[in-house]
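# 3D, please:
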Amino acid sequence: MDEQNQPDVPAGTPADPEKERLALLSQQGYQYIRENMIEEARACFLEVLEAEPDNNYALVGMGDLERKGRNFDAAVRFYQECLEHFPENNYALFGLAESYRSMKQFNRAVEVWEKYLKHDSENVTVLTRVADAYRKARILPRSRELYQQVLELEPDNNYALIGMGHLHYDFHEYKTALVYWERMYEKAGENVDIRVLTSLGNCHRKMKTFNQGIEYFEKALEREPGNFFALYGLADCYRGMQKPDQSLLYWQRILESDPGNKVILTRIGDALRALDDLVAAEDYYRRALNVQYDSYAILGLAIIHRKKKQHDEAIRALENLLESDPENGRAVLELSGCYEDQRRIPEALAVLQSFTQRTRNPGRMVQRRIADLKAGL
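Predicted structure coming up:
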């Protein structure tokens, strides 16, 4: 249990020396937890439970010890045993919900948090955690309601502002997400958490307002030169601005600290291909594939084959890619382009038309290409 949420253990009365002894042992156990003296705390609680197996303070204490050691299954058992005897014990409810949250069992965590809130409906710490759990469980209306409840109690609560930002970001409502993260930035200024800077940058990256995104990512990089999210954001912004030479600088900086990252290897291949350095691009695509299969690397190699007029190899690669990813619109356009390069227009058209029949949303590029090919027949 978090230190501020540990229960006050009442002392026994002088008329009951055994109760007094057990109460003192429990108090000592919690003091040992605060001092990170785990085995000493365990000995205290086990001695209490040996004398009194349903002692709620010792059961919660053992749960806290196991949770502190990340033994969440064991922690759950102690908290549940306490709740069998004391169903409304807030400390056991708190620990049980936290254990489920740590195990990413968000639906279970939510169920326990809701029981807790019946007894302590204005606990801001709990409200934000319940809202987080609902957000991760994709129960959005309740998540939003709880974050707003926190902001009514504490208008500048960082956890609620971050949560509301993530809630809207996850559902592509980037302008609304910006409102909450900008509030944090305005409040904290240059001392703002670096994650707020990268979140603001990511909103602008998704909205394609790349110049504004770059400003935030650069601020983050000034604070932490090796920050992955800032480097990735800058690289991707420059990629979106069609500046492959700039994006390449940041992709390569990421690769220095993570040489086996297949996504970054593929992105470097894309940048080199855009710069028409096909030999180096092919090398990076193959390095990515040596790490793990990657459809973007396969697509990149196929595009290189097409540029080199190696159409048979390109067609073979694209057909294999479409077998595993039949709704890949870029691959279909490239395959159609290979046939068109060879003046095999009926086959180019057939590939696109087949794609529209099996795909709900083929995209404007595919529809436009079909219209152009039909016009040229």
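# CA atoms only for the helix or strand residue 73 falls within - export them in PDB, please.
Assessed by DSSP states H and E, residue 73 sits inside helix 72-85. Provided in PDB are the C-alpha atoms of helix 72-85 (Å, rounded to 0.1, in the frame of the first residue of the first chain):
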ATOM      1  CA  PHE A  72       0.900  -9.600  -7.400                       C
ATOM      2  CA  ASP A  73      -0.900 -13.000  -7.300                       C
ATOM      3  CA  ALA A  74       0.200 -13.500  -3.700                       C
ATOM      4  CA  ALA A  75      -0.800  -9.900  -2.800                       C
ATOM      5  CA  VAL A  76      -4.300 -10.500  -4.300                       C
ATOM      6  CA  ARG A  77      -4.800 -13.600  -2.100                       C
ATOM      7  CA  PHE A  78      -4.000 -11.700   1.100                       C
ATOM      8  CA  TYR A  79      -6.200  -8.700   0.200                       C
ATOM      9  CA  GLN A  80      -9.100 -11.100  -0.700                       C
ATOM     10  CA  GLU A  81      -8.700 -13.000   2.500                       C
ATOM     11  CA  CYS A  82      -9.000  -9.700   4.400                       C
ATOM     12  CA  LEU A  83     -12.100  -8.700   2.500                       C
ATOM     13  CA  GLU A  84     -13.700 -12.000   3.200                       C
ATOM     14  CA  HIS A  85     -13.700 -11.000   6.900                       C
END
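# could you say what helices and strands it packs with?
On a contact count with 3 or more Cβ pairs under 8 Å, 6 or more residues apart in numbering; DSSP states H and E, helix 72-85 meets helix 56-68, helix 90-102. In short, each C-beta sits where N, CA and C put it, glycine included.
# ok, residue 228 - how many residues close by?
Neighbour count of residue 228, defined by other Cβ atoms under 10 Å: 15.
# which strands and helices sit next to the longest helix along the chain?
If you go by DSSP state H, the chain has its longest helix at helix 17-34. The contact analysis (3+ Cβ pairs under 8 Å, 6+ apart) places helix 17-34 against helix 38-51, helix 56-68.
# contact partners of the longest one?
So that's helix 38-51. Residues from elsewhere that reach helix 38-51, judged by Cβ atoms under 8 Å, 6 or more residues apart in numbering: 18, 22, 25-26, 28-30, 32-33, 55, 57-59, 61-62, 65, 68-69.
# shaky segments in the stretch 101-250 of the chain?
Scanning the stretch 101-250 of the chain for pLDDT under 70 picks out nothing.
# Let me see the ranges of the strands in it.
Under the criterion DSSP state E, counting those that start in this stretch, the stretch 101-250 of the chain carries no strands.
# Can you show me the helices along it?
106-117, 124-136, 140-153, 158-170, 174-188, 194-207, 210-223, 228-240, 244-257 (DSSP state H, counting those that start in this stretch).
# so what does the first one touch, helix or strand wise?
Think helix 106-117. helix 90-102, helix 124-136.
# got the angle for that helix vs helix 90-102?
Inter-element angle recorded for helix 106-117 and helix 90-102: 160 degrees (by axes from the mean of the first three to the mean of the last three Cα atoms, to 10 degrees).
# Can you list the buried residues in helix 106-117?
For helix 106-117, a neighbour-count test (16 or more other Cβ atoms under 10 Å) marks 106, 108, 109, 110, 112, 113, 116, 117 as buried.
# Next: the longest one.
For helix 174-188, burial by neighbour count (16+ other Cβ under 10 Å) applies to 174, 177, 178, 180, 181, 183, 184, 185.
# what does the fourth one give?
Within helix 158-170, the residues that count as buried by 16+ other Cβ under 10 Å are 158, 159, 160, 161, 162, 163, 164, 165, 166, 167, 168, 169.
# those helices in the stretch 251-377 of the chain, which residues are they?
Under DSSP H, counting those that start in this stretch, the stretch 251-377 of the chain gives helices at 262-274, 278-291, 295-307, 311-324, 329-341, 345-358, 364-376.
# can you put those in JSON lines and add distance to residue 145 and mean neighbour count?
Shown next, in JSON lines, are the helices of the stretch 251-377 of the chain (distance: least, Cβ to Cβ, whole Å; neighbours: other Cβ atoms under 10 Å):
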{"stretch": "helix 262-274", "distance to residue 145": "36", "mean neighbour count": "23"}
{"stretch": "helix 278-291", "distance to residue 145": "44", "mean neighbour count": "18"}
{"stretch": "helix 295-307", "distance to residue 145": "40", "mean neighbour count": "21"}
{"stretch": "helix 311-324", "distance to residue 145": "42", "mean neighbour count": "17"}
{"stretch": "helix 329-341", "distance to residue 145": "38", "mean neighbour count": "21"}
{"stretch": "helix 345-358", "distance to residue 145": "41", "mean neighbour count": "16"}
{"stretch": "helix 364-376", "distance to residue 145": "38", "mean neighbour count": "13"}
